[in-house]
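Trainee: Got a predicted structure plus its sequence, pasted below:
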Amino acid sequence: MPYGSEEEAYKNASTLSFLTAEQALADFAVLITELKRDWSAEGCPVVLFGGSYGGMLAAWMRLKYPHIAIGALASSAPILQFEDIVPTETFYDIVSNDFRRESSSCFNTIKESWDALMTEGQKQNGLHQLTKTFHLCGELKRTEDLVDWLESAYSYLAMVNYPYGSEFMMPLPGHPIREVCRKIDGCPDGTSTLERIFEGISVYHNYSGKADCFELEDESDVGTDGWNWQACTEMVMPMSSSRDRSMFQTYDYNFSSFQEWCWKQFNVKPRPTWITTEFGGHDIKATLETFGSNIIFSNGLLDPWSGGSVLQNVSESIIALVTEEGAHHIDLRFSTKGDPEWLVEQRESEIKLIQGWLDKFYQEKKAAFDM
């Protein structure tokens, strides 16, 4: 951790200012170069692997530092989730589709729950009742805090909707959205909408059964403090929620409101066009065809971030591997006995492509040596 500790690194803008994509790529370039020199391996090829933000970095580094790495596997890398390149409602539409494909009644219950939450919260003692219904550890002060907690859980569930049990975000069963909807739909007749929501969301927050009550702070270890800084400086990803296709509350993207929040949190103003200026994004096919090679974009269509990634082959060496049932960078997770056949085949395809890059590298190196 830079500056010796997370607390020191995240202390203020003087240290956080180094938390940028371009600084990360430069650091990796120096690290790889130094490691190869220290290990007397200057002639060895390097392949980059990354998932999510790491996948974005892998793709961008292959473009920015082609002399450092011969190729990149960019898994679940939403390099197009900027400005107006993809529709702003894409992310939440995919989350919603993940729930609707399991159960339309589950989708509808969640969609109806937001009004029920707001109505309850406006009643006398309503916040106290919501505290009891959702077994919160502390007294709820704003209904919006509970809404944010639920929205985050649904989004994370879509990301980790793996076909086997995992503990990436939280301890979860295989097909966790299916289990959430089974809980919501399986409540006895007469169960209120909010009670159904509590039963369902407990799959995410308490599948282990060990929690006596719930804190509304983010419990997942995914570096959200650092990400909030980046979102407020360069990783500006516009999002909205559509009226009909989304199970979330309807809202439009409001840059002014987002800008005010960033200023309040960090005293910084977002740069919404910087990422596309630095790395491209508009007309990505032409950019990658002209300047790129040896990149695999792998995505599972259950992952809400897939909507902002490259989903079609660009050239013979810039390949999109897309799986219908895949979730967030599932191909980079450890293999298990429960891996479905499509996942095994996806990894085999990736290995074959990367082996081709390595073979070509050594062939060209040998040809140059023989001249």
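Mentor: Alright, I've got the coordinates. Predicted model only: the values in this text are computed from it and were never measured. Numbering: from 1, shown residues only.
Trainee: Confirm Ser96 sits in a helix?
Mentor: Yes: per DSSP: H, G, I helix; E, B strand; the rest coil, Ser96 lies within a helix segment.
Trainee: Need the nearest residue in space to it, chain neighbours excluded.
Mentor: Nearest residue to Ser96, sequence neighbours excluded (CB to CB, 6 or more residues apart in numbering): Met247, at 4.3 Å. Where you see a C-beta, it was placed from the backbone N, CA and C, and this is true even at glycine.
Trainee: now Ser52
Mentor: Closest residue to Ser52 apart from its sequence neighbours, by CB to CB, 6+ apart: Ser76 at 5.3 Å.
Trainee: Just list the residues touching the one you found, thanks.
Mentor: Gly51, Ser52, Gly55, Ser298, Asn299, Gly300, Asp303, Trp305, Ser306, Ser309, His328, His329 (CB atoms under 8 Å, 6 or more residues apart in numbering).
Trainee: 6 Å instead, please
Mentor: Gly51, Ser52, Gly55, Asp303, Trp305, His328, His329 (CB atoms under 6 Å, 6 or more residues apart in numbering).
Trainee: wait, is the residue nearest to Ser96 part of a strand?
Mentor: No: going by three-state DSSP, the assignment for Met247 is coil, not a strand.
Trainee: where's it relative to Val86, distance?
Mentor: 19 Å (CB to CB, to the nearest Å).
Trainee: Name the residue in the two with the higher neighbour count.
Mentor: Higher neighbour count among Met247 and Val86: Met247, with 23 against 18, using other CB atoms under 10 Å.
Trainee: In contact with the residue nearest to Ser96, which residues?
Mentor: Counting by CB under 6 Å, 6+ apart, Met247 touches Ser96, Phe107, Ile110, Lys111.
Trainee: The first one and Ser246 touch, don't they?
Mentor: What it means is Ser96. Yes: contact criterion CB atoms under 6 Å: Ser96 and Ser246 qualify, at 4.8 Å.
Trainee: who has more neighbours, these two?
Mentor: Comparing Ser96 with Ser246 by other CB under 10 Å, the one with more neighbours is Ser96, at 24 against 21.
Trainee: distance of the more buried one from Glu179?
Mentor: Separation of Ser96 from Glu179 (CB to CB): 17 Å.
Trainee: what does Met159 give?
Mentor: 15 Å.
Trainee: Just the strands from the chain, written as ranges.
Mentor: Ranges of strands in the chain, per DSSP state E, are 47-51, 71-75, 295-300, 318-323.
Trainee: Please tabulate those in CSV, including the columns mean pLDDT and distance to Leu150.
Mentor: Putting these into CSV (pLDDT from 0 to 100; distance: least, CB to CB, whole Å) gives the following:
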stretch, mean pLDDT, distance to Leu150
strand 47-51, 98, 25
strand 71-75, 98, 27
strand 295-300, 98, 23
strand 318-323, 98, 28
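Trainee: In a markdown table: these, plus mean neighbour count and distance to Glu199.
Mentor: Shown next, in a markdown table, are the strands of the chain (neighbours: other CB atoms under 10 Å; distance: least, CB to CB, whole Å):
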| stretch | mean neighbour count | distance to Glu199 |
| --- | --- | --- |
| strand 47-51 | 20 | 31 |
| strand 71-75 | 28 | 33 |
| strand 295-300 | 27 | 27 |
| strand 318-323 | 19 | 30 |
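Trainee: just so I know, which of these lies nearest Met235?
Mentor: Of all those, it is strand 47-51 that lies closest to Met235, at 14.7 Å by CB to CB.
Trainee: what lines up beside that closest one in the sheet?
Mentor: Sheet pairing here is set by DSSP bridges, and for strand 47-51 it gives strand 71-75 (parallel).
Trainee: In the stretch 51-200 of the chain, where is pLDDT below threshold?
Mentor: Regions of the stretch 51-200 of the chain meeting the criterion pLDDT under 70 are absent.
Trainee: Helices along that one, start to end?
Mentor: Remark: helices assigned in the stretch 51-200 of the chain by DSSP state H, counting those that start in this stretch are 53-64, 90-100, 104-121, 126-133, 143-159, 176-185, 193-206.
Trainee: Give me the contacts around the last one.
Mentor: It refers to helix 193-206. Residues outside helix 193-206 that contact it (CB under 6 Å, 6+ apart) are 109, 112-113, 116, 133-134, 153, 157, 170, 179-180, 183-184, 187, 214.
Trainee: Return the closest of those residues with respect to Trp60.
Mentor: Proximity of those to Trp60, judged by CB to CB, is greatest for Leu157, which lies at 28.3 Å.
Trainee: And for the closest one, the neighbour number?
Mentor: By the measure other CB under 10 Å, the count of residues near Leu157 is 24.
Trainee: Same check on Gly356?
Mentor: For Gly356, the number of neighbouring residues by other CB under 10 Å comes to 13.
Trainee: What separation is there between it and Glu348?
Mentor: As judged by CB to CB, Gly356 and Glu348 stand 13 Å apart.
Trainee: try Cys262
Mentor: Cys262 sits 43 Å away from Glu348, going by CB to CB.
Trainee: now do Arg245
Mentor: 35 Å.
Trainee: Between the two, point out the one with more neighbours.
Mentor: Arg245 (13 against 10).
Trainee: Can you verify my assumption that the more buried one contacts Tyr92?
Mentor: No: at 8.5 Å, Arg245 and Tyr92 do not qualify as touching, with contact defined as CB under 6 Å.
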